[in-house]
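**Student:** 3D, please:
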Amino acid sequence: MPRNVSVVPRIGSDSLAQRQAEKVALSIVAAELGLAHVETQKRFSIGPAAAIVDAFAESTDEVVLLEVNARVSSAMKTATKNKVLKDTLKMLLIEQANAAAWQGKRVRKLLVFLDPIARASFGPKAWANQAWDAFGVETHVCAIPDAHRVALIAAQAAQDLRADG
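**Tutor:** A predicted model of the protein is given here:
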């Protein structure tokens, strides 16, 4: 009899190490981009729904939407790649929903990877790269301090995304 995976609890899919590494990466990227004020976990209403980006910044001439992927030291599995693609779609929807409010401003959509191996999971011939180019989504690899990288590797090794039962 097939197992009903909808009732299997998620275990360890989030970690303190991941949240801390993402926070550090956002600080580094904000400094590199010269962003003075960055809001984290920014919520946008989209009709009756809502979407949250990891970070948001706005100036008189620019809007920046950022999503961070904290995978390090190994290629991404399909579920993680799909999450990055969902983050892409979410930023595009937020941009479209706010087009009138942001008229005349440059809207930058950034996918931040914490590891070149993770970024390379989307190889040069991947359709995602073509989509990112077509829709103006930038990808950026952010080097985080070694202590955060080591903590992330340990957290990823300990993660068990689905229980056995």
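
**Student:** show the subsequent helix or strand relative to the biggest strand by length in the chain.
**Tutor:** Criterion DSSP state E: the longest strand present in the chain is strand 49-58. Downstream of strand 49-58, the next assigned helix or strand under DSSP states H and E is strand 62-69.

**Student:** okay, now the sheet partners of that next one, with direction.
**Tutor:** Sheet pairing of strand 62-69 (DSSP bridges) gives strand 49-58 (antiparallel), strand 106-113 (parallel).

**Student:** what phi and what psi does the backbone show at residue 137?
**Tutor:** The phi and psi values for residue 137, taken as degrees, to the nearest 10, are phi -100, psi 120.

**Student:** state the mean pLDDT of the longest helix along the chain.
**Tutor:** Secondary structure of the chain per DSSP state H: the longest helix is helix 78-97. Here helix 78-97 scores 95 as its mean pLDDT.

**Student:** by contact count, what packs against it?
**Tutor:** Where contact means 3 or more CB pairs under 8 Å, 6 or more residues apart in numbering; DSSP states H and E, helix 78-97 is packed against strand 39-46, strand 49-58, strand 62-69, strand 106-113, helix 127-134, strand 137-141. In this view, the C-beta of every residue, glycine as well, is placed from N, C-alpha and C.

**Student:** contacting residues around the fourth one?
**Tutor:** So the one you mean is strand 106-113. 25-26, 29, 61-69, 71, 84, 87-88, 91-92, 95, 119, 132, 135-142 (CB atoms under 8 Å, 6 or more residues apart in numbering).
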